[in-house]
Each structure stands twice: as C-alpha cells, then as structure tokens.
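*Asks:* have a look; sequence and predicted model below, questions after that.
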Amino acid sequence: MLSEIENTAIAKATKPSKELTAGKHEVDVTIRIQGTITKGEDYSGTVYQSVPFDRMFAVAMSKLNSTTIEAIMREALSDNAADLLERIKPQAQAAIQTLTQQTEKIQNGKTTAKLKVTKIETLTLK
C-alpha cells in the first residue's frame, strides 16, 4: 500500500504518453522517484457559477421568427462570424459577470513537485 505522498509523487512524476499504441501492453518496471513535493494551504476564492449557454441560445431563438432564425444561422456559418465573436466578446463577458452569482469557494492549495524518476534495471540470472 502506497502513502498519499507516494501516490502523489507517482502522479506528478509520470504523464501518460500520447504515443501509446492501441492494444494490451504488458508492463513490469521498477522505478525510483526522488525529490520534493510542496502542497500549499487551501484558500478561499470567488468563482462564477457556470453559464447555461445551451439554455440561453434556446431562449434567444424562441423570441425570434423563423426568417430571423434562418438569417442568424446563415450568418453564424459564414466567414464573418469570427470577427463578430471578437466584437461581441467584451459585452458578453460583462453580461455574464452581471447575471451570474459570485460564490466563495474553498480551493485546494496548489501542489508542486521537483522530482527525478529513475528506472531501475533488473538483472535476469540464467
């Protein structure tokens, strides 16, 4: 059984490879992890509740007639939509901050690590 510190060290020191090929892979490896793990204190922070964009879109569409909805969809699929997004972004962010409730939440302290991973070669006796 590994301790919380040992489990954390393994998680921090190793990262899954995106290069791993599909299939079943056998593994038998011994490694040594050495170094330092630092865990910060928990802290309180203000977070915004998530915005239900799908509901907002549905409500907006329900207020329009079919001709306007079709025009909106046509413009959204056009190449000009990216420019529109940049222009409207500040207004949308301001509206989201105004309409969402701010909530104080305890955040986990940050965990940082300075670790060295060494593979321990094993000898096979014949």
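*Replies:* Nice, I can see it.

*Asks:* next up, the contacts around residue 97.
*Replies:* residue 48 (CB atoms under 8 Å, 6 or more residues apart in numbering). The C-beta positions use only the backbone N, C-alpha and C, and glycine is treated the same way.

*Asks:* surely it is in a helix?
*Replies:* Yes. Secondary structure assignment (DSSP: H, G, I helix; E, B strand; the rest coil) places residue 97 inside a helix.

*Asks:* any low-confidence regions in this structure?
*Replies:* For the chain, applying pLDDT under 70 flags the ranges 124-126.

*Asks:* and the strands in it?
*Replies:* Residue ranges of the strands in the chain, as given by DSSP state E, are 30-39, 43-48, 102-107, 111-120.

*Asks:* show me where this structure has its helices.
*Replies:* 4-13, 53-62, 66-76, 81-99 (DSSP state H).

*Asks:* so which residue is dead centre in this protein?
*Replies:* Residue closest to the average C-alpha location in the chain (CA atoms, centre = their mean): residue 50, at 14.1 Å.

*Asks:* for residue 100, see how far away that one is.
*Replies:* Separation of residue 50 from residue 100 (CB to CB, to the nearest Å): 8 Å.

*Asks:* repeat that for residue 14.
*Replies:* Counting by CB to CB, the gap from residue 14 to residue 100 is 37 Å.

*Asks:* same check on residue 85?
*Replies:* Taking CB to CB, one finds residue 85 at 20 Å from residue 100.

*Asks:* and what of residue 91?
*Replies:* For residue 91, the distance to residue 100 - CB to CB - is 15 Å.
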